[in-house]
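Colleague: okay, here's the prediction I keep looking at, along with the sequence it came from:
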Amino acid sequence: MEMLIDFPGGARVDAHFGDFTVMTDQPPSGGGESSAPAPFDYFLASLGTCAGIYILGFCRSRNLPTDNIRLIQKHQIDPMTHMVTGVTFEIQLPPDFPERYKPAVIRAAEQCKVKKHLEHPPQFEIKTTTAELAFA
């Protein structure tokens, strides 16, 4: 998979892949206009939405309704480094959710690919090349 990252102006940085464009911006304190989430916000959201898709899949496979299920994600941040030191997910289930499935819902959320990549991070390589053509 390849993504094209471009710089459409101001503090915006966008990612293009397939038929999608993910737009990012910085808050005014970072020189942006808050016209879109910051890249790190997408990273944090990817954790919750990834866990959510596994919960959704689990419930669908058992014909369990999901309209009253919510996932609350909280972050613990080191005040000195501003780095995330912990992430907590609270799966809020309706009162009539089958007791026997509660541990399995947790196991489903733990299958999140984003979380697994953090647990086993990829190697990164950053290099420069000279572009042959100007971008439109």
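Modeller: Arrived safely, thanks for sending. Because the structure is predicted, anything quoted here is derived from the model rather than measured.

Colleague: max-length helix in this protein?
Modeller: Counting residues, the longest helix found in the chain (DSSP state H) is helix 39-61.

Colleague: now name the helix or strand holding F7.
Modeller: Assigned by DSSP states H and E, F7 falls within strand 4-9.

Colleague: that strand pairs with which strands, parallel or anti?
Modeller: Next to strand 4-9 in the sheet, as set by DSSP bridges, lie strand 12-17 (antiparallel).

Colleague: give me the packing partners of whichever helix or strand comes after the partner strand, helices and strands only.
Modeller: Note on strand 12-17: by DSSP H and E, the next helix or strand toward the C-terminus is strand 20-24. Judged by 3 or more Cβ pairs under 8 Å, 6 or more residues apart in numbering; DSSP states H and E, strand 20-24 is in contact with strand 12-17, helix 39-61. C-beta here means a position set from N, CA and C on the backbone, and glycine is covered the same way.
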